[in-house]
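> sequence plus the predicted model coming up.
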Amino acid sequence: MLLEQINQPSDLKRMTKEQLVPLAEEIRQFLIEKLSATGGHLAPNLGVVELTLVLHYLYDSPKDKMIFDVGHQAYVHKILTGRKERFDTLRQYKGLCGFVKRAESEHDVWEAGHSSTSLSAAMGMALSRDFKGEDSKVVAVIGDGALTGGMALEALNHIGHEQKKLMVVLNDNEMSIAPNVGALHNYLSKIRSDRNYKKAKEEVEQLLKKIPAIGGKLAKTAERMKDSLKYLVVSGMLFEEFGLKYFGPVDGHDVDKLIDIFQQAERVDGPVLVHVLTTKGKGYSPAEADSHKWHGISPYKIESGQPLKAVGNPMYTEVFSNTLIELAQQDERIVAVTPAMPGGSGLLKFAETFPGRMIDVGIAEQHAATMCAALAMEGMKPVFAVYSTFLQRAYDQVVHDICRQHANVVFAIDRAGFVGPDGETHHGVFDITFLRHIPNMVLMMPKDENELRHMLKTAVDYEAGPIAVRYPRINGVGVKLDEVLTPIPIGSWEIVRQGDHAVVLAIGPMVQVAEEAAEQLRREGIQLRIINARFIKPLDEAMLIQLAKEQIPLLVMEEGAIAGGLASAVMEFYAENNLFGVKIKPIGVPDCFVEHGSIKEQRLEVGLTAERLAKEVHTMLFAHGNNVMTRA
Ligand SMILES: Cc1ncc(C[n+]2csc(CCOP(=O)(O)OP(=O)(O)O)c2C)c(N)n1
Ligand SMILES: CC(=O)[C@@H](O)[C@H](O)COP(=O)(O)O
Ligand SMILES: [Mg+2]
């Protein structure tokens, strides 16, 4: 076994290049086996086995900087840099991270999770190398999907301008998570499909060299003719026009060709782009056949590719998906917009039902948000389906284009709260904070999947500006779904359990956690009132005033950052209205990034549990000689 001999990149360098071919096969088998137990980003990693091997074979990490865009395709890099023994813990609590992680290894020089940051990182590292007078190489591996992200294009523009020595490796597998979209994608496909491209390019270059240099006006005309000729015949010129020397396309599974092209590219003293063609899911037939499904998967049976996980109640995403279809049947203005997440956001069925009414803009959250504003202002009803974490990218567009212009955009914010194995780059724990303070925004979260349906109806009927509903990456509670959808009065909360000793304002899944705590407390004779604070903005002010009059201890429980969250909103309300003396305890996500694991473990880590709530109720009622139990 060759893989047994590899513990560090230096071990790889001792191998012959012929040995890299069987080694690649061993790594594929390793990935297929390990991920069958842990889940993870299988298809992207199977596609980059030879590419990663060759990069580590030729370059000298960590002196040379290897940057992986998104970082979801860095498993092979992890295997080669001393972490193969930890793969049983991949994406598990306290285990190996599913993305590049600086704390794990000196070979991990740049962390990500969100896409399209690698070229800016490469530019920063190349600049810093030159400022310090060092001689390291900088290599950024970016996918064809990530290249469509605005940040990557901003960076390309700057890289071409600065002309620093660095290498962009474009890993083109024709897929984002879903099939890639857009003009850039079409452009790459053209290069990819043109078998004669390389030959034509070489011939034109030879021809151009033969045109003799001449002086005066004629020379200018000849130069212009040369340029036009280049454009006519040589595709792939886009990157050269950006100022990067283009190499490729090269078969990304052919070790010899990869070594050859990287060696050629390395001789250039400036920015280069090596266009590598790979197959997502390479070597595992279920993943090759459906790389969309196998982009990121949960544990599976190797022989069949069938998932091992038992099916539970429908996920919130599925309920969103079905409800949106129902609503769109009644309202022709509804269009669904996704920034490259049609599957994850539950829009595939919508696209099938309403061809042309689902718009996938690629990895372009900012563009999506502004485009939604314009759609709304022209009378459409855009539903911007976006993961909470990726909406972070579009903060300014939400403020400047949507909220400021009172645009009737519906935000369907998925993955709100902890997300489990993707970990700290992907949690949806900041959106309450960064949306709540924007004027004109309405923000809701349902206590269960049935309420999600009513909230979606509320949102599409709302005509006074932007409105958002956020929901978690979990199965629904299993409640019965109402057929008739009724809008919920804006800013109205709901008492879901009566009690006079303490009250908890809970949102989303925290309502169920509060129910559990209330049962524990009931057994001790403590009556906990539970309020489903389903509107995070606007608050139910009448209910808050009533609570202030009662002077009842108040706890606020939310799966989001405490800073700027619902508890902050409540405290601000009381302070602004001179309603002093209400005892308030916030329970939410403290000032830290929570690592990968299960959602249960993540909640436990920060204390979003029934036990913690019950304990805090005790503290409020009985600490410091307090005893408010006399009230009952
Ligand atoms: C800002 C942002 N939006 C969306 C995503 C979700 N996402 C993760 S990987 C991916 C596809 C990336 O495609 P590509 O770069 O071609 O990599 P591949 O998986 O094909 O290797 C997407 C959309 C993300 N990580 N970051
Ligand atoms: C790397 C990335 O950003 C996505 O692949 C993400 O892992 C998808 O998450 P879900 O599994 O929640 O759809
Ligand atoms: Mg791709």
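The structure has been received and is ready for your questions. Numbers count the residues shown, from 1 in each chain. Ligands and ions are numbered 1, 2, ... in the order given.
> got the residues of the protein near ligand 3?
Contact residues (CB under 5 Å from the ion) of the chain with ligand 3: 143-145, 173, 175. Every C-beta, even on glycine, is put in place using the N, C-alpha and C of the backbone.
> show me what counts as buried in stretch 512-526.
Residues of stretch 512-526 classed as buried: 513-515, 517-518, 520-521, 526 (neighbour count, 16 or more other CB atoms under 10 Å).
> which other residues reach that stretch?
447-448, 477, 496-497, 499, 501-502, 504, 506, 527-528, 530, 557, 603, 608-611, 613-614, 617, 621, 629 (CB atoms under 8 Å, 6 or more residues apart in numbering).
> in helices, which of the residues you listed appear?
Residues from the contacts of stretch 512-526 lying in helices, with DSSP state H as the criterion: 603, 610-611, 613-614, 617, 621.
> run through this structure and note the low-pLDDT ranges.
Along the chain, the parts satisfying pLDDT under 70 run over 195-205, 207-236, 624-632.
> what about the strands in the stretch 451-600 of the chain?
467-470, 494-497, 502-506, 528-532, 535-537, 554-561, 584-589 (DSSP state E, counting those that start in this stretch).
> now swap in the stretch 201-350 of the chain and tell me
In the stretch 201-350 of the chain, the strands defined using DSSP E, counting those that start in this stretch lie at 245-251, 271-277, 334-338.
> run through the neighbouring helices and strands of the first one.
It stands for strand 245-251. helix 183-193, helix 237-241, helix 255-266, strand 271-277 (3 or more CB pairs under 8 Å, 6 or more residues apart in numbering; DSSP states H and E).
> same check on the shortest one?
Where contact means 3+ CB pairs under 8 Å, 6+ apart, strand 334-338 is packed against helix 316-330, strand 358-360, helix 365-377, strand 381-387.
> so what touches the last one?
Outside of strand 381-387, the residues that reach it under the criterion CB under 8 Å, 6+ apart are 320, 324, 331, 333-339, 341, 344-347, 365, 368-369, 371-372, 375-376, 394, 408-415, 426, 428, 459-460.
> buried only: go through the residues you listed for me.
Using 16+ other CB under 10 Å, the buried members of the contacts of strand 381-387 are 320, 324, 334-339, 341, 344-347, 365, 368-369, 371-372, 375-376, 394, 408-415, 426, 428, 459-460.
> now do the residue in the stretch 51-200 of the chain that ligand 3 sits nearest to against Glu550, distance only.
Closest to ligand 3 within the stretch 51-200 of the chain is Gly143: 3.7 Å, counting by CB to the ion. Counting by CB to CB, to the nearest Å, the gap from Gly143 to Glu550 is 56 Å.
> which ones are touching the residue of the stretch 301-450 of the chain found nearest ligand 1?
Nearest to ligand 1 in the stretch 301-450 of the chain, going by CB to the nearest ligand atom, is Ala340, at a distance of 3.8 Å. Neighbouring residues of Ala340 by CB under 8 Å, 6+ apart: 145, 148, 176-178, 181, 360-364.
> same deal with Lys245?
Lys245 makes contact with 265, 268, 270-273 under the criterion CB under 8 Å, 6+ apart.
> His72 is in contact with Arg91, isn't it?
No - using CB atoms under 8 Å, His72 is not in contact with Arg91, being 10.7 Å away.
> what touches both of the two?
By CB under 8 Å, 6+ apart, the residues touching both His72 and Arg91 are Gly98.
> show me which residues of this structure sit near ligand 1.
For the chain, the residues in contact with ligand 1 (CB under 6 Å from any ligand atom) are 44, 69-70, 72-73, 114-115, 143-146, 171, 173, 175-177, 280, 295, 339-340, 363, 365, 390, 393.
> could you list which of these also contact ligand 2?
70, 72, 177, 295.
> let me know the closest of those to ligand 2.
His72 (3.9 Å).
> give me the subset of the residues of the chain next to ligand 1 lying in helices.
44, 365, 390.
> residues contacting the last one?
In other words, Phe390. 114, 339, 341, 365.
> 7 Å instead, please
Counting by CB atoms under 7 Å, 6 or more residues apart in numbering, Phe390 touches 114, 339, 365.
> got it, and the second one?
By CB under 7 Å, 6+ apart, the residues touching Glu365 are 339, 386, 390-391, 393-394.
> let's see it at 8 Å
339, 386, 390-391, 393-394, 397.
> got it, and the first one?
Contacts were defined as CB under 8 Å, 6+ apart; by that measure Pro44 touches 72-73, 143, 173, 280, 295.
> find the closest residue to ligand 3 in the stretch 501-632 of the chain.
For the stretch 501-632 of the chain, CB to the ion, closest residue to ligand 3: His596, 22.7 Å.
> surely that residue touches Lys101?
No - if you go by CB under 8 Å, His596 and Lys101 don't touch, sitting 9.4 Å apart.
> for Lys165, see how far away Leu58 is.
15 Å.
> go on, Thr425?
29 Å.
> could you dump the contacts of Lys245 into JSON lines with distance to ligand 2 and neighbour count added?
Output for the contacts of Lys245, formatted as JSON lines (distance: CB to the nearest ligand atom, whole Å; neighbours: other CB atoms under 10 Å):
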{"residue": "Ala265", "distance to ligand 2": "27", "neighbour count": "20"}
{"residue": "Val268", "distance to ligand 2": "31", "neighbour count": "13"}
{"residue": "Gly270", "distance to ligand 2": "31", "neighbour count": "14"}
{"residue": "Pro271", "distance to ligand 2": "26", "neighbour count": "26"}
{"residue": "Val272", "distance to ligand 2": "26", "neighbour count": "22"}
{"residue": "Leu273", "distance to ligand 2": "23", "neighbour count": "28"}
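> which residues of the stretch 1-150 of the chain lie near ligand 2?
Counting by CB under 6 Å from any ligand atom, the stretch 1-150 of the chain sits next to ligand 2 at 70, 72.
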